[in-house]
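Participant: Quick one: sequence plus predicted model below, questions after.
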Amino acid sequence: CGWQIRGSENIASNANFEGNALSVKFMQRNPALMQVLHNTVRSNQLAINSDASTKLVIERERLEKQSLAVTETGVAAQYQLILTIHYHVKTADKTLVPSNQISSWRSYDFDAKQIAAKSQEEQALLLEMREELVNRMLLAISDSEN
Amino acid sequence: LPSDRSQPLSTDADKLELDDKSGTTTLYGNVIIEQGSMRITADKVILHYNKNKLTHVIATGEPAHYSQVPRANQEPVQARAKRLEYHIEQETLTLLNNASLVQDGGTSLSGNRIDYDVKKSLVKAGSDIEEGEKRRVRLVIPAKTLSNQE
Amino acid sequence: DDTPTNSLSLGKTYLRCYPQADSNQWDCAEYSSETNLPIGRSQIQQAPNAYDFVSAENLTPAAQSALLPGCTGMYIDPLGDQTNAPSPENTPLIVEADDSVLTGSQKAQLDGNVQISQGARSIRADSMTYSRETEEASLAGGVTIRNPGLLIRGDKASMSTTRNQASFENAIFVLHGQHIRGQADAIRQTSDSSIVLEGGSITSCEPGSNAWSLGGAEIKIDNEKGQGTGKHITLKVGKVPIMYVPYIAFPLGDQRQSGLLFPSISSSDNGGLDAAVPFYWNMAPNYDATITPRIISGRGAMLEVEGRHLNKSFYTESNIAYLPNDDGGQDKDLDTLVSNGDITESQAHPYTGQNRWLGHLSQQGGSASNGGWYSTIDFTKVSDQDYFRDLGASSFSEQNQSYLDQRAELGYLFEHWTVSAMAQNRQVLLYDLDTPYRRAPQLNAIGHYSVNGFEFKLDNELVRFDHPSNEWRNGDTLITGSRLSTDYRAAWPIRGRWGFIKPEVGYKALGYQLESDGLASSAESSPTLGAAQASIDMSVIFEHRGGSIMQTIEPRVYYLHRAYTDHSDLYAVTADGQNVNFDTSIRTFSYSQLFRDSRFGGRDRLDDANQTTVGLTSRWYSNNSGRELFSASIGQVFHNADRRVGLNGEELNTGQTSELAADVSVMLGPLSRFYVNSIYDTEAAEITRASSGVYYHSQDLSTLANLSYSYVRDYRQSSIAAGTTEATDIDQVDLSFVTPINKQWSLMGRYNYDFTQAQELETFLGFEYNDCCYRVRLLARKWLDSNIASLTDNHDLEHDQGVFFEVHFKGLGGSGAKVNSILEDSIRGYQERERRNKQ
């Protein structure tokens, strides 16, 4: 009935990654995202070097942290994290992915009596969201036809 | 130079026509007229005499050229126009039709008609036209004379 | 001869403008450059008037889209943006006129539509006299001077032909980029983009509207530094003067408008009047400061100073606020509580006579290149727990902050390793709550290698947990010490567009050095434990390419096994039975939690696991845009063995299956989304947790609508005051919106209701009126006053009402911080909307 497994080649061998390498430029300093980017790109058998022709430009990373629910004294009971990355991808002569934004959503219960543990949970969620967004960016590069 | 008027006038041209009745001498073909530091080159020049004394010179060319040193150790004033009228007595020069004049220090003026009083070194330029398309007066003051005052 | 390189006449026509007798308007007629004759009267009805103002319909589409809300047109500089104009000294002066007279080579007199061009500067006048000795030219009759981005028109003017200087009489000016115009008895141009107005006034209102104007003896505008200064300045709204200031500094346009210029006035029955008048000090291109004196009735005078500094390696922001000798504040609700004896006077005004202050420093540092060193500092400290509730910017979430982070980190990104050192403390802002452990220091070293298909991750962390006191508030013994935790993984991932298979093995180890005189003699002071683990995570993507939609079905299976390891060395190690737990808690259950390798957050437990997670996701993509339109996932964990490791001791957990987790997400547009996350307990056959929401943001962010609902069945919430742990449901809805009613009016509001407590948490309704040169916002608001909420259960006393009013004069920088923080905190997307409106 028309269902079949999606194409078999892996991301690294995609033509949009010439010399299966990628150069990255951050418009604002972001060591956390840079670290995730380096590791995720490497685990996709790609390399990061500054003179690769495909250039991923991270324009802005924006974290919205809102309380989804509060206790009766107004203290947050549930937080929602929305991490948004504004980025674009270009090569020497054309724009592979025009400037756009992608978001990842997570929420977790907060308990004021366990501040240390809950902020560890938040850090873990942020790491997971950055990994998800970096993978989505790599997929967007390999999917782009123009 | 003020002394130019007392200098001898020399002319050089391909062809020359004398017409005593009207008191004019007409020269044709890359004509050169010189008197002291004043020099006119043109395609055709008509010298007008009154009782065999030169009163004025009409030079026409595409364009005709005129240059003269206004005062000692100044650069010569260069002028061009399709038609030049040089009046010896009043020492005035009228440039008509596509006229332009460059003064000492590089200031250049262009327009349809320029009246240059050599003695008073007074230049008037206007844009009223006789024929040809109308051109506004244009003055260009080069930068270097602006900044350092010799 | 040579035709002039830059054409003098501005296209086919030029403007001759003369001041009208009665108003400060200018009457302009358009003349053809060739014939010098006025073009027919009818043609110039919509001709750009004296201010280069082009109405919307004549703008290019690009300019039209950049039109700020409430504006009917823009100032367009016909010179375009020749930014790198050569200075006048070394560019020739080219003059065109109808007639000219040169006397000698010193003086020139030109008449008849004189047009002068010098590099990027172009001038026009009826007549001009130029003298070479003084290098001055005096101009008369409809004089216009243009530099890139600056236009000055006047009756008469004199100008230098070697410097960008000119002085005008009875003149007007326009700064196209800053959208500012003005007029003055005399205007002196001091450099290519700075002017001085004597006896003049400026405004950012469009020609024809004088909603506000800033007038005074002398106004200096330095376009390059983006700053204006004024002496003896009066602010007028229409013709009515409303404020006089001897000296003023204001940022021009919105380049760096961190300063508020005009008072943001707000009143609430709680704090009475709260007025702040900031001064913006633009010290240098890379550092500036905003000094804000603030008066709060019932508390006294306060000073807030905010500084910012930028250089190649660091961006630093700091603010300091100081309120000496607090008068205690006035709060009717507290007074009623005191009068009917519920609380004492000192409880109502605990900080009378004390100094209240806030100190904040945040810094991002690093080498410019991709890798290299990085540093972050995020430090905030306040004088007391109620600082934000009493003096803060009064946004709901800021008032209810539970703690302030005090953290500094320095790290280095190597090729395969990231090494960092961090110190962290937290100041708790809630009543009778324990201060968490201090991490002083924490060292991390994370290695990552990818070698022909294999992937190695070596995660090492050493933390020293410290604490000022040696017991918790409830008297329990407090354990301090150091913890070394390692997490080494080796994986062989095969990844492709068809999905992935990721087999992975790893070993986690923990080692402690416990220091506490309360340790039981039998306790092991340096316990160590470790656990090996293996997991395989597999997912295959089946796709079905329909007409315009491409659907996928993505089954995913995740098997995890981690050996049980005895944690008894960490349980009951002190005389009063405390367990070793520095930063670990149970993670919130969700669909993504199904595929994580630990049910705990933090590193103090190596939880045993023998489980298989089965998940199914389906996504729909639009074929032409490739964007994801819809995704739905459902999954559950099947435990092949009981679990024993618990937070506070062994807890045999025999549950065969986890709850069922399901997520649905529908994209309603590039910025809009509907989602539902739910957790269903299959045994108890009831929903234990659900949250759903719809966010609609229009493309230009003029319309924002957010509706979110959250439900958690018997949420384990330790009610702080009573110290007990009682189960209450979370059952709350939050609606917030901004909708434009017409081009200039927007309505905004929030309704945040708690069904369990049957009370409104925050409700406000407000409007925003946008004119081209000013904005007015008015907010009527009612919110839970968490000062009182914990002291009484009398609902109407617990709430505060307030009216927040704010006028922002556009172009002079700054906007009400108070109203902004309320809106940005409660309406999702409002911060981005503000950011976009500033462009």
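Facilitator: Great, that's in hand.

Participant: How confident was the prediction at the closest residue to residue C:77 other than its chain neighbours?
Facilitator: In space, and not counting its chain neighbours, residue C:77 is closest to residue C:176: 4.2 Å by Cβ to Cβ, 6 or more residues apart in numbering or on different chains. C-beta: built from backbone N, CA, C; applies to glycine. If you check residue C:176, the pLDDT there is 84.

Participant: Next, count neighbours for residue C:176.
Facilitator: A count of nearby residues for residue C:176, using other Cβ atoms under 10 Å in any protein chain shown, gives 21.

Participant: Please, where are all the strands along chain B?
Facilitator: B:9-12, B:15-19, B:24-35, B:38-50, B:53-68, B:77-87, B:92-102, B:108-117, B:122-126, B:137-141 (DSSP state E).

Participant: May I see the buried residues of the fourth one?
Facilitator: When neighbours are counted by 16 or more other Cβ atoms under 10 Å in any protein chain shown, the buried residues of strand B:38-50 are found to be B:38-49.

Participant: Hey, what's the angle from that strand to strand B:15-19? Just curious.
Facilitator: Angle, strand B:38-50 to strand B:15-19, by axes from the mean of the first three to the mean of the last three Cα atoms, to 10 degrees: 30 degrees.

Participant: contacting residues around the most centrally placed residue in chain B?
Facilitator: Centroid-nearest residue in chain B, with Cα atoms, centre = their mean: residue B:66, separated by 4.1 Å. Neighbouring residues of residue B:66 by Cβ atoms under 8 Å, 6 or more residues apart in numbering or on different chains: B:38-40, B:59, B:78-80, B:84, B:86, B:93, B:95.

Participant: from memory residue C:595 sits against residue C:615, does it?
Facilitator: Yes - with contact defined as Cβ atoms under 8 Å, residue C:595 reaches residue C:615; the gap is 6.9 Å.

Participant: neighbours around the residue lying closest to residue C:224 once chain neighbours are set aside, how many?
Facilitator: Excluding the flanking residues, the one nearest residue C:224 by Cβ to Cβ, 6+ apart is residue C:193, at 5.1 Å. By the criterion of other Cβ under 10 Å, residue C:193 has 19 neighbours.

Participant: Am I right that residue A:141 is in a strand?
Facilitator: No - secondary structure of residue A:141 (DSSP: H, G, I helix; E, B strand; the rest coil): helix, not part of a strand.

Participant: just to revisit the earlier point, wait, what's in contact with the residue lying closest to the residue nearest to the centre of chain B once chain neighbours are set aside?
Facilitator: What sits nearest to residue B:66 in space, not counting adjacent residues and going by Cβ to Cβ, 6+ apart, is residue B:79, at 4.3 Å. Residue B:79 makes contact with B:65-67, B:93, B:95, B:99-102, B:114, B:116 under the criterion Cβ under 8 Å, 6+ apart.

Participant: Selection in ChimeraX covering whichever of the residues you listed are buried, please.
Facilitator: Listed next is the ChimeraX selection for buried residues among the contacts of residue B:79, using 16+ other Cβ under 10 Å:
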select /B:65,66,67,93,95,99,100,101,102,114,116
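
Participant: Out of the contacts of residue B:79, flag the one nearest to chain C.
Facilitator: Closest approach to chain C among these (Cβ to the nearest Cβ): residue B:100, at 6.0 Å.

Participant: quick one: that closest one from residue A:6, how far?
Facilitator: Residue B:100 sits 77 Å away from residue A:6, taking Cβ to Cβ, to the nearest Å as the criterion.

Participant: Same question for residue A:99.
Facilitator: 27 Å.

Participant: which one of those two has more residues nearby?
Facilitator: Shown here are residue A:99 and residue A:6; by other Cβ under 10 Å, residue A:6 has more neighbours (16 against 12).

Participant: Would you agree the more buried one is in contact with residue C:539?
Facilitator: No - with contacts counted by Cβ under 8 Å, residue A:6 stays clear of residue C:539, the gap being 11.2 Å.

Participant: quick one on the thing from earlier: please render the strands of chain B as CSV that adds distance to residue A:68 to the earlier fields.
Facilitator: Converted to CSV, those look like this (distance: least, Cβ to Cβ, whole Å):
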stretch, distance to residue A:68
strand B:9-12, 103
strand B:15-19, 105
strand B:24-35, 96
strand B:38-50, 93
strand B:53-68, 86
strand B:77-87, 85
strand B:92-102, 80
strand B:108-117, 77
strand B:122-126, 81
strand B:137-141, 72
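
Participant: Point out the one among those strands that comes closest to residue C:427.
Facilitator: strand B:137-141 (70.0 Å; Cβ to Cβ).

Participant: Is any residue of that closest one near chain C?
Facilitator: Yes - using Cβ under 8 Å from any Cβ of the partner chain, strand B:137-141 reaches chain C at B:137-141.

Participant: Which elements pack onto the one helix or strand residue C:301 maps to?
Facilitator: Using DSSP states H and E, residue C:301 maps to strand C:300-310. Packing partners of strand C:300-310 (3 or more Cβ pairs under 8 Å, 6 or more residues apart in numbering or on different chains; DSSP states H and E): strand C:287-296, strand C:314-323.

Participant: Of these, give the one that comes closest to chain B.
Facilitator: strand C:287-296 (36.1 Å).

Participant: Give me the buried stretch members for that closest one, please.
Facilitator: C:288-290, C:292, C:294, C:296.

Participant: wait, doesn't residue C:591 sit right on residue C:663?
Facilitator: Yes - Residue C:591 lies in contact with residue C:663 (Cβ under 8 Å); the separation is 4.6 Å.

Participant: Could you tell me which residues touch both of those two?
Facilitator: Common neighbours of residue C:591 and residue C:663 (Cβ under 8 Å, 6+ apart) are C:633-634, C:677.
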